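K.L.:
Got a predicted model here, sequence first, then my questions.
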Amino acid sequence: MLTYRDYLTLAEKYLLLAEEKSKTQEETNWLLIPATILAWSAIESFINNMLDDFGFLPESMFQLHERAFLLETRIRFVDRGNELGCFTLDGAEYRRLEDKIAFLIAKFGHARLRVRKGDTLWQDFEDFKETRNRLVHPRREKEVTLDIMKARKYIDTSKNTIQFVSQHVWKKKIEF
Amino acid sequence: MIKIIFNERAKENELVRASVDQFLTLVPTLESLHQLPIFIFQDGASGAYYIKCSLLAQNTADLCDLDAKLDLENPETYRANRELLLTNRTYLKMVSDAINGREFNDIIVEHNTDYNPIKPLKVWGGQHRVNAIGQSITKGKNNRYHGFRIYFNLTKSQRTEVALISNTNISVSNDTFDRMIEETKFGNKLLKWCQLVGFLNGNEDFPDVGSRSEKISVKRARSFVVNYYLGKQKGEQLSPDELDKNIYEPYLVQTGTAGGISVDPTYEKIMSENDILNDSALILAGERFRALHNAQVRAITEPSSGVKNTKAFRNKAFVESVLCGWSYVAGLLQNHPERLENHYRIPKTTKAVPDPLNAEEMSKYKHDSDDPTYRGLGTRSALKDRQRIAQLFLAKSLEKSVVIDKRLMDRAVSTVVGLISLSKGYV
């Protein structure tokens, strides 16, 4: 199982190779695209695993809707059987990465912090997300242009986002 | 008649004077040969009395007893000195020097005729030098004078202190210190307990250096006992549904001279409040843990297991975090018999997990919150590791038949990390 550090290392390797190739004017998209996607996967891996940490805790420590969010499941109203009239968790319901981050900070962050969408980090994150979505869900009219600078920035944004969540939830600075 | 003088800092004591007088009558010294006065000194810190004098190598070899005892009243006393390192290069150099006429000084002995009276000089500091002197005599002439500090009328605690301070100038392990202090404070209770539950054989003693041995050390045995009682105390306050909602902090008993030459206060308190030799539940916990250790050793040494037969993997149960976490949970679950029985069951093994503690997988385990240098689960004694291992065994106790696999490790470590994050302000 790869960790967020592994994804970042792979992203850095692709970027390094791209930097080498660019010196001789060679094509680099085949290296910059995986570097960008891997940098995104690093955040996904980190955030999903953090949600799992809380998902492992005894059920009674959370409200049903919080557990549903942590486990990425749907809440279903039971209309038959022994649990008639109760709510239960049933079936997958995937959440957006930014929502997961916002939840982690709001629920477990210290000093009642909230994510502020005007912050530079959040702006960088949104920009990164836009590029990643265009790469993963390509459309003719939404072209992506990547270069070394941009890919470097995405890797940094990945690290900064991870660091931000770690410092607020774990009160711990991560070593990459 | 040799003049015996109490030094100005030494309080006159007729018993001590008589002992010194008896010693000088029986043992020839350079000072008595030349009718030189003998001064009696008194150590300001411990109050122990001693003299300084010179003895011939032959008398040293004849009169010195290397098997000194701390507790004279107990026939099953601990071995106080460390093992002689007869192949150690420094020792071999000592022998060679002695043969070449080296005169040694400040050999520390106690004059005591209460046991093995043929050898009344009980060696507390300089056992290697004394042995080297003996070797030099058997290999040649070399009947030279060597300098001694000779203690008289020591109490048990003074004797322990003499043993400890005499050994600070050589490389004596914390485990040897622990063994000495253990006996002084508590007699041989812990040793007996370890023999009773099978950690040690009937005639075995604690090792000099735990890290080099595959036997349980004083520190680990103490930690086992302490954690069992701390866990028990905590468990009494918790209802079954609260058990899995806590972060537990198994305790690592302080060793050696950490915090001064003394016994860890938590251990001291627990030993004063409990009779470990008659606590059947503690004895059962010890026996079950020993069974786990034995099963782990068997699994690793089995050639077909496919796991590297290393000391670290064989002795996984004796790693401080594993031992502390396991015994803490054993205590914690005393009021929860079903889960206790699950805890006591040796973890299942499979083709993929051939040893009960899955030592190799544990050593690879890393959580996202760990630094890149983290060496794996259950490999260190740090609090973080002790917390995680306690949670691992607690999670294991939820079911009867459990394999310690990566899934269980994930679940346990995630629980600790999650609980810590949830309890904001927890440090």
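P.N.:
Yes, it's here.
K.L.:
list the contacts for residue 58?
P.N.:
I'll assume chain A. B:Asp241, B:Asp244, B:Lys245 (Cβ atoms under 8 Å, 6 or more residues apart in numbering or on different chains). Glycine gets a C-beta too; all of them are placed from N, C-alpha and C.
K.L.:
switch to chain B, that's the one I care about
P.N.:
Contacts of B:Gln58 (Cβ under 8 Å, 6+ apart): B:Ile137, B:Asn143.
K.L.:
Mind pulling up the pLDDT for it?
P.N.:
Looking at B:Gln58, its pLDDT reads 93.
K.L.:
now B:Ile261
P.N.:
58.
K.L.:
quick one: which helix or strand includes B:Ile420?
P.N.:
helix B:406-422 (DSSP states H and E).
K.L.:
Show the average pLDDT along that helix.
P.N.:
Helix B:406-422 comes out at a mean pLDDT of 93.
K.L.:
now do stretch B:189-204
P.N.:
pLDDT averaged over stretch B:189-204 gives 92.
K.L.:
Also stretch B:366-375?
P.N.:
Averaging pLDDT along stretch B:366-375 gives 91.
K.L.:
Buried residues in it, which are they?
P.N.:
B:Lys366, B:His367, B:Asp368, B:Ser369, B:Asp370, B:Tyr374 (16 or more other Cβ atoms under 10 Å in any protein chain shown).
K.L.:
Among those residues, which ones lie close to chain A?
P.N.:
B:Lys366, B:Asp368, B:Ser369 (Cβ under 8 Å from any Cβ of the partner chain).
K.L.:
Okay, now the unreliable bits of the chain?
P.N.:
You didn't say which chain, so I picked chain A. The model of chain A has pLDDT under 70 over residues A:110-114.
K.L.:
ah, I was thinking of chain B
P.N.:
B:75-82, B:89, B:138-140, B:167-173, B:209-211, B:256-261, B:424-427.
K.L.:
next one: phi and psi at A:Leu89?
P.N.:
For A:Leu89, the backbone dihedrals are phi -90, psi 130 (criterion: degrees, to the nearest 10).
K.L.:
Equivalent analysis for B:Ile107, please.
P.N.:
When read as degrees, to the nearest 10, the backbone of B:Ile107 gives phi -80, psi 130.
K.L.:
same question, B:Ala48
P.N.:
The phi/psi pair for B:Ala48 (degrees, to the nearest 10) is phi -70, psi 140.
K.L.:
right, and out of the contacts of A:Pro58, which lies closest to B:Pro120?
P.N.:
The nearest member of the contacts of A:Pro58 to B:Pro120, counting by Cβ to Cβ, is B:Asp244 at 61.6 Å.
K.L.:
ok, now how distant is that closest one from chain A?
P.N.:
5 Å (Cβ to the nearest Cβ, to the nearest Å).
K.L.:
residue contacts, that residue?
P.N.:
A:Pro58, B:Leu394, B:Ala395, B:Leu398, B:Thr415.
K.L.:
The closest residue in space to A:Ser158 that isn't next to it in sequence: neighbouring residues, count only.
P.N.:
Once flanking residues are discounted, A:Ser158 sits nearest to A:Ala39: 4.1 Å by Cβ to Cβ, 6 or more residues apart in numbering or on different chains. A:Ala39: 29 surrounding residues under other Cβ atoms under 10 Å in any protein chain shown.
K.L.:
Could you do A:Lys129 as well?
P.N.:
Residues near A:Lys129, counting by other Cβ under 10 Å: 17.
K.L.:
Isn't it up against A:Asp99?
P.N.:
No: in this structure, A:Lys129 is not within contact of A:Asp99 by Cβ atoms under 8 Å, at 11.8 Å.
K.L.:
Next one: A:Val165 from B:Asp368, what distance?
P.N.:
11 Å (Cβ to Cβ, to the nearest Å).
K.L.:
could I get the ones next to chain A among the buried residues of stretch B:366-375 as JSON lines with distance to B:Lys384?
P.N.:
Below are these laid out as JSON lines (distance: Cβ to Cβ, whole Å):
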{"residue": "B:Lys366", "distance to B:Lys384": "12"}
{"residue": "B:Asp368", "distance to B:Lys384": "14"}
{"residue": "B:Ser369", "distance to B:Lys384": "9"}
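K.L.:
Let me have these in a markdown table, adding secondary structure as columns.
P.N.:
Shown next, in a markdown table, are those (DSSP: H, G, I helix; E, B strand; the rest coil):
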| residue | secondary structure |
| --- | --- |
| B:Lys366 | coil |
| B:Asp368 | coil |
| B:Ser369 | coil |
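K.L.:
Can you tell me which of those is closest to B:Trp124?
P.N.:
B:Lys366 (47.1 Å).
K.L.:
got a list of what that closest one touches?
P.N.:
A:Thr3, B:Tyr374, B:Gly376.
K.L.:
And the nearest residue to the last one once chain neighbours are set aside, which helix or strand is it part of?
P.N.:
Taking Cβ to Cβ, 6+ apart as the measure, B:Gly376 lies nearest to B:Ser363, with 3.9 Å between them; neighbours along the chain are not counted. Using DSSP H and E, B:Ser363 maps to helix B:359-364.
K.L.:
So what touches that helix?
P.N.:
Outside helix B:359-364, the residues touching it (Cβ under 8 Å, 6+ apart) are B:296, B:300, B:307-308, B:312-313, B:316, B:353, B:375-379, B:404-406, B:409.
K.L.:
Mind doing that once more with 10 Å?
P.N.:
Outside helix B:359-364, the residues that touch it by Cβ atoms under 10 Å, 6 or more residues apart in numbering or on different chains are B:296, B:299-300, B:306-308, B:310, B:312-317, B:319, B:322, B:352-355, B:358, B:375-379, B:388-389, B:392, B:404-406, B:408-409.
K.L.:
ok, B:Thr379 touching B:Asn315?
P.N.:
No: taking contacts as Cβ atoms under 10 Å, B:Thr379 lies outside contact range of B:Asn315: 11.5 Å.
K.L.:
circling back: would you list the contacts of B:Asp244 in TSV and tack on distance to B:Pro37 and secondary structure?
P.N.:
Compiled in TSV, these are given as follows (distance: Cβ to Cβ, whole Å; DSSP: H, G, I helix; E, B strand; the rest coil):
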residue	distance to B:Pro37	secondary structure
A:Pro58	78	coil
B:Leu394	69	helix
B:Ala395	73	helix
B:Leu398	76	coil
B:Thr415	73	helix
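K.L.:
could you dump the residues you listed to JSON lines with distance to A:Phe125?
P.N.:
Shown next, in JSON lines, are the contacts of B:Asp244 (distance: Cβ to Cβ, whole Å):
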{"residue": "A:Pro58", "distance to A:Phe125": "32"}
{"residue": "B:Leu394", "distance to A:Phe125": "38"}
{"residue": "B:Ala395", "distance to A:Phe125": "35"}
{"residue": "B:Leu398", "distance to A:Phe125": "39"}
{"residue": "B:Thr415", "distance to A:Phe125": "29"}
